[in-house]
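Novice: The following comprises the amino acid sequence and a computationally predicted model.
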Amino acid sequence: QEQLVESGGGLVQAGGSLRLSCATSGRTFSGYSMGWFRQAPGKEREFVAARSWSGGNDYYADSALGRFTISRDGATNTVYLQMNSLKPEDTAVYYCAASSFQKTSILLRLAGSYDYWGQGTQVTVSS
């Protein structure tokens with residue numbers, strides 16, 4: 001059974017850093033584009049970052065650009081989201097997702113383009 005399992009969330013002060021991990025299992029996700037989304041209480045799930053299946057392109061939400069970095073370790077099939085200069089508005093549950101087939105940068109920003117999802121990890125940034 002395909003699984004995505006996030007970890008690395010927690011409580012951090014504004015200005016701090018966290019690195020989220022997404023461990024994959026159950027199938028080879030090497031041919032999948034991988035993305036990170038987040039959802040704050042009472043809000044829609046929103047795109048944060050994505051890496052294309054080929055690894056050649058990374059995409060970021062404006063809110064994440066310059067502060068967050070997505071990366072992927074092909075040897076361990078793990079995807080990371082390094083988050084620096086965290087702000088209270090970054091507080092949310094963060095989800096890892098996998099998207100099959102090659103998709104455009106526009107589609108990779110849409111939650112509906114993803115086929116597999118993790119259970120989420122809570123990130124709380126205090127002011």
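Specialist: Structure received. Note that the structure is predicted; figures quoted are calculated from it, not measured.
Novice: Now the terminal residues of stretch 80-96, how far apart.
Specialist: 9 Å (C-alpha to C-alpha, to the nearest Å).
Novice: Ok, stretch 10-20 next?
Specialist: End-to-end distance for stretch 10-20, by C-alpha to C-alpha: 10 Å.
Novice: Now name the helix or strand holding the nearest residue to G15 once chain neighbours are set aside.
Specialist: Excluding the flanking residues, the one nearest G15 by C-beta to C-beta, 6 or more residues apart in numbering is S85, at 6.2 Å. Quick note: C-beta positions are derived from backbone N, CA and C, even for glycine. Using DSSP states H and E, S85 is not contained in any helix or strand.
Novice: next one: F47
Specialist: Element membership of F47, judged by DSSP H and E, is strand 46-51.
Novice: cool, I70 as well?
Specialist: Per DSSP H and E: I70 is located in strand 68-73.
Novice: got the CA positions of that strand in PDB?
Specialist: Provided in PDB are the C-alpha atoms of strand 68-73 (Å, rounded to 0.1, in the frame of the first residue of the first chain):
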ATOM      1  CA  PHE A  68      11.400  27.500   2.000                       C
ATOM      2  CA  THR A  69      13.300  24.900   0.000                       C
ATOM      3  CA  ILE A  70      12.000  21.600  -1.400                       C
ATOM      4  CA  SER A  71      14.500  18.800  -1.900                       C
ATOM      5  CA  ARG A  72      14.400  15.100  -2.600                       C
ATOM      6  CA  ASP A  73      16.700  12.200  -1.700                       C
END
